[in-house]
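Peer 1: Here you go, sequence then predicted model.
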Amino acid sequence: MKYALLTQVLTLLEEFEATIPAKPEADGPSMEAFAAWLQVRVLPAPAEPVGRAGQPQETEVVIGQLVTYLYRYLRGYSRLALADSPLLTIDDFTYLATTFGHQPLSKTELIRRHIHEIPTGNEIIKRLLAREFLAEQPSTTDRRRKLLTVTPGGQQALFASMGPMRQLAHLAAGTLTAQERSQLVYLLQKLDAFHHPIFAGPRPDTFPDLISRHLPPGAPDDLTPQADTTSDSV
C-alpha cells in the first residue's frame, strides 16, 4: 500500500496545528476546523475581488468592506426583531444575555466581553440599570467593585426576545451551506484570535504605534495613500 497521500495529509495537519494558539485547557482543534482550513489551503486562489462598482480592489479592502456591511445589515434587522421588545438595541440584548449566563459579572468584564470601549459600555449598562433590567451590588471581596445581575424583569425581557434574535442569527448566515458556515466560523475565529489580544493588551497611543506593533508580515508598511476608484469605502 502506498502512503503518499497520507504523508501529504500529515504534513498539512502539522502545518494546521502550528497555526492554532496553544490552549492547555482545550481538547485540541476539531476535524471541522481542519477541514475548513484545508479547503482554504489547497484550493486554487479565487479571482481578484471587485468592489460594488465592479472595479478590482485589494482583498484586504474588500474584507473590511464586507464585514462592515454585514454588521450594518444585522443592526438594521435587529431593530425590527426588537420592535415589540422593551430592549432598545442589539447591545441591550447581548449585554443582558452575557450577564445572565455569567452573573454576577463586573462592569469592566461585561464591557470587555463585548469589545466595547468603556464609555460606550457604560452607557449601555446605565440604560439597562435605569430600566431595572440589571441590578448592581458591591463585591463581597472588594466593596469598591460593583457586580451586575439580571433582575426578574430583565430576565423576562431577555427570554421574550430570544426567539426573534435566534431567527436573526439564522438570517445572518443567509444561504450558506453547513460546510460554508463551518468554514466561515473557522476564518472569523482565526481573525478574532489575531485581533483580541490587541484589544485586550496595552493600547497603542497612535496609529503608527499600532501598525509598528501588530501589522502582519507581508502587509504594506508605508502610509502612502492609494487612489480609490470606487465608492465602496468603509
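Peer 2: Good, I have the coordinates.

Peer 1: All the helices of the chain, residue numbers only.
Peer 2: Applying DSSP state H to the chain gives helices spanning 4-18, 31-42, 59-81, 90-102, 107-113, 118-130, 152-173, 178-200, 207-214.

Peer 1: least trustworthy helix or strand in the chain by mean pLDDT?
Peer 2: When the helices and strands of the chain are scored by mean pLDDT, DSSP states H and E, helix 31-42 comes last with a mean of 72.

Peer 1: Name the residues of that one that are buried.
Peer 2: Buried residues in helix 31-42, counted by 16 or more other CB atoms under 10 Å: Ala33, Phe34, Ala36, Trp37, Leu38. To be clear about C-beta, it is placed using only N, CA and C from the backbone, and glycine gets the same treatment.

Peer 1: got it, and stretch 64-74?
Peer 2: Gln65.

Peer 1: now do stretch 92-110
Peer 2: In stretch 92-110, counting by 16+ other CB under 10 Å, buried: 92-100, 104-105, 107, 110.

Peer 1: Return the most buried member of the helices of the chain.
Peer 2: helix 90-102 (a mean of 19; mean count of other CB atoms under 10 Å).

Peer 1: so how far is that one off the chain centroid?
Peer 2: Put simply, helix 90-102 sits 15 Å off its chain's centre (CA atoms, centre = their mean, to the nearest Å).

Peer 1: Quick one: list the elements packing against it.
Peer 2: helix 59-81, helix 107-113, helix 118-130, strand 134-138, strand 146-150, helix 152-173 (3 or more CB pairs under 8 Å, 6 or more residues apart in numbering; DSSP states H and E).

Peer 1: Output the below-cut-off pLDDT ranges for the protein.
Peer 2: Scanning the chain for pLDDT under 70 picks out 1-2, 20-29, 39-40, 42-56, 221-234.
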